[in-house]
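Trainee: Here is the input, now give the coordinates:
(chains A and B)
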Amino acid sequence: MTPLVTNRAQSPYTQHHPVMDFDALSWPSQRTLPREAATDEEREEHLVKLSGAVRTILECVGEDPGREGLLDTPERYAKAILFCTKGYEENLPAIVNNAVFQETYDEMVIVKDIEFFSLCEHHLVPFFGKMHIGYVSNNRVIGLSKIVRIVEMFSRRLQIQERLTKQVGLALSEILQPQGVAVVVESSHLCMVMRGVQKTGAITTTSSMLGCMRSTSKTREEFLNLISRK
Amino acid sequence: MSNHATKRRSDGEGHGQGSHKRKRKSKAEKHSASKNDGTVSNRKHSVSKPARDPRDEASPIPPPKRADEDRSPSPVIDFDGLSRPSAGTRERKEEDPKQAAARMKKLSGAVRTILECIGEDPDREGLLGTPERYAKAMLFFTKGYQENVRDIVNDAIFHEGHNELVIVKDIEVFSLCEHHMVPFTGKMHIGYIPNKDVIGISKLPRIADMFSRRLQIQERLTKDVAHAIMEVLKPQGVAVVMESSHLCMVMRGVEKTSATTITSCVLGCIEKREKSRNEFFSLVGLNRR
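Mentor: Model prediction:
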């Protein structure tokens, strides 16, 4: 099956496979390195620039940036968005922190109902929901909280749900080298709920199946059954 | 010469001596006490005589409120139908396409700066159109300032002679926190007891939308909706309750996901009568043990 040919450039996230770059950042963006290695002065500068931009937004929207409730909003928004995109600064080895253990275990491990919050890269509006991750171990297990930390790292970025799912799956498979990984993400997109078509109950589900989860349907079935149990 | 009562009252010592003789007011004093012209003689002095110094007299009683004055203690609606317009509202409302395009451009420029500052690449495929999209989204999220309450209500007030509680509940509300510009979403329940006029029920969520599509805080949103309905419809009473989840508290900061914030604003007869209040809250489902 050949993919549809388009004139637009391909996304570097699907073409460029290595999960970890030379400096261990995962799928870094163009200015990511500057952000991670920025000095305190540079961070201050970024904050000031961001606050200025938010002030412009407030004026353009017709609000009065000088009123009491909005006085510090530019700084608060700047800090908030830097927090919501802190995933760019994190690197996988530091997060995983050698928490991969040799264990004679070759069964499925599932961590489900992991809440995550991310920012839609098209509208800069949050999307959030639950992630369910499972892997079939190859005599190596990973500290369970590391799975959640990996989710945090990839979700605190400007993302689309499809890419988020894929990145988490690829990262886990690279670090752990398991027999198979499965990631299912269900979320609600505020860009669709608060504006545009305005459907509040709609939930978007994406999944990424790698290794034996993709090839063996029984394994996949077992995973899907276990995550839908209450 | 002077009558009984005056003679007695002028003698301060009479009180302390335990004589409980009945003091009878003279006819003249009775009349003056019942005069209802807002003058000082209405007021009962605590020691039953007027003050020696005119500066110590009680201030005159204010005249009763006229019936056609605003029911809402805090008027929300401006002279031309806008509600709490902000600094640039009228400008934004009356602008021509050229000015609108300039505004979009300015907004998009600001968003591009934000993208650069957080360390992203504004020219990659997924982010190419993001500044414009965000600009349009932001203008949509703040369109409440420009809405005119008369256009919203659209004469949908009907003389029905109904005077029982009317509730519209589970109205989903999406607003932007003015402190972090991050959304807060939740449900609003609106109830009112009409004074013979009912309003088209879709107007209640429309009014809620008008106030929520702004930079808001939940307390002010609840209050504004209640006062607006009070002014527009002049019912006997209004009650508004809102329960919402604030992403600024869930996504960042203290990160407590199940926390919700509840605010309410109750005006008029629902505020005064406990039974009406209880009825409203139990019908809405918020009378928790």
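Trainee: Walk me through the domains of chain A.
Mentor: Chain A breaks down by automatic domain parsing into domains covering A:32-87, A:99-228.
Trainee: Among those domains, which comes closest to chain B?
Mentor: Closest approach to chain B among the domains of chain A is made by domain A:32-87 (3.5 Å; Cβ to the nearest Cβ). Every C-beta, even on glycine, is put in place using the N, C-alpha and C of the backbone.
Trainee: So the longest helix seen in chain B, near chain A or not?
Mentor: Longest helix of chain B, by residue count under DSSP state H: helix B:97-117. Yes - residues of helix B:97-117 contacting chain A under Cβ under 8 Å from any Cβ of the partner chain: B:103, B:106, B:107, B:109, B:110, B:111, B:113, B:114, B:115, B:116, B:117.
Trainee: number of nearby residues for the second one?
Mentor: Same thing as residue B:106. Residue B:106 sits with 15 neighbouring residues when counted by other Cβ atoms under 10 Å in any protein chain shown.
Trainee: Contact partners for the nearest residue to it once chain neighbours are set aside?
Mentor: Excluding the flanking residues, the one nearest residue B:106 by Cβ to Cβ, 6 or more residues apart in numbering or on different chains is residue A:60, at 5.1 Å. Listed by Cβ atoms under 8 Å, 6 or more residues apart in numbering or on different chains, the contact set of residue A:60 reads B:103, B:106, B:107, B:110, B:135.
Trainee: Can you lay out the domains of chain A as JSON lines showing mean pLDDT?
Mentor: JSON lines is the format used below for the domains of chain A (pLDDT from 0 to 100):
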{"stretch": "domain A:32-87", "mean pLDDT": "88"}
{"stretch": "domain A:99-228", "mean pLDDT": "93"}
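Trainee: Arrange these in CSV, one row each, with distance to residue B:148 as further columns.
Mentor: Output for these, formatted as CSV (distance: least, Cβ to Cβ, whole Å):
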stretch, distance to residue B:148
domain A:32-87, 15
domain A:99-228, 21
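Trainee: Whichever strand or helix holds residue B:239: partners in the sheet, and parallel or antiparallel?
Mentor: In the assignment (DSSP states H and E), residue B:239 maps to strand B:237-246. Here strand B:237-246 has these sheet partners by DSSP bridges: strand B:183-193 (antiparallel), strand B:261-268 (antiparallel).
Trainee: ok, and what's touching the helix or strand following the longest one?
Mentor: Stepping forward along the backbone from strand B:183-193, the first helix or strand reached (DSSP H and E) is strand B:196-199. Strand B:196-199 is touched from outside by B:153, B:156-163, B:166, B:229, B:232-235, with contacts defined as Cβ under 8 Å, 6+ apart.
Trainee: Determine the longest helix present in chain A.
Mentor: Assigned via DSSP H, chain A shows its longest helix as helix A:40-61.
Trainee: Tell me which helix or strand comes right after it.
Mentor: Trace forward from helix A:40-61 with DSSP H and E and the next one is helix A:73-84.
Trainee: before we move on, which element is residue A:128 in?
Mentor: strand A:126-136.
Trainee: Next secondary structure after that strand?
Mentor: strand A:140-142.
Trainee: Name the residues of the helix or strand that comes right after that next one that are buried.
Mentor: As assigned by DSSP H and E, the chain's next helix or strand after strand A:140-142 is helix A:144-155. By 16 or more other Cβ atoms under 10 Å in any protein chain shown, the buried positions in helix A:144-155 come out as A:146, A:147, A:148, A:149, A:150, A:151, A:152, A:153, A:154, A:155.
Trainee: what do you get for stretch B:198-211?
Mentor: Neighbour-count burial for stretch B:198-211 [16+ other Cβ under 10 Å]: B:198, B:199, B:203, B:204, B:205, B:206, B:207, B:208, B:209, B:210, B:211.
Trainee: what bridges to the closest residue to residue B:218 other than its chain neighbours?
Mentor: Leaving aside its sequence neighbours, residue B:218 sits nearest to residue B:263 (Cβ to Cβ, 6+ apart; 5.1 Å). Beta-bridge pairing for residue B:263 (DSSP bridges): residue B:242.
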